[in-house]
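Visitor: Just to be clear, the model below is a prediction. Sequence and coordinates:
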Amino acid sequence: MSNVLTQRIRQHQNLAALRNKLLKLHQVLLDIERNTYEQAQGRVSRGELLQLVINHEQFAWLHRISELIVQIDDLLRADEPVLPDEVQTLMDNVRSLLSPSLSNDEFADKYDAALQREPNAILAHADVIHLLTEMA
């Protein structure tokens, strides 16, 4: 097998693994936000939750992770080979989003709060960061 083909296969596997880790992290954060919402508003069905995730401001901060997952999906489905710079930019964006921030950014504030109160969030975060380190 050629070196280029091997690199493309590894790149695809890494992107797929990153997608799965981000999906896990997103699910943990969604569960936290759902619990917070349900404590104040009462239980919601899956359909209601979907509408909340799409339209409700309490869930809007999670869209930033969703957008990264969509970017990965686009790269995985691309007809043309993905350039290393595109992968690096994506990895930098993920790393930047999940890094501690001193700014008054809603995502950073809510993400930090989730990490402070939910061990599963810490584990999912660590999985993403560990994979990014391996991919570098």
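Guide: Looks like it arrived, so ask away.
Visitor: The closest residue to residue 117 other than its chain neighbours: which element?
Guide: The spatially closest residue to residue 117, leaving aside those adjacent along the chain, is residue 32, at 7.7 Å (CB to CB, 6 or more residues apart in numbering). Backbone N, C-alpha and C define where each C-beta goes, glycine included. Secondary-structure assignment from DSSP states H and E places residue 32 in helix 3-41.
Visitor: for the next helix or strand after that helix, the distance to its chain's centre please.
Guide: Per DSSP H and E, the first helix or strand lying C-terminal to helix 3-41 is helix 46-55. Helix 46-55 has its C-alpha centroid displaced from the chain centroid by 18 Å (CA atoms, centre = their mean, to the nearest Å).
Visitor: got the angle for the helix or strand following helix 46-55 vs helix 46-55?
Guide: Using DSSP H and E, the helix or strand that directly follows helix 46-55 along the chain is helix 63-77. Between helix 63-77 and helix 46-55, the angle comes out at 90 degrees (axes from the mean of the first three to the mean of the last three CA atoms, to 10 degrees).
Visitor: Noted, bye for now.
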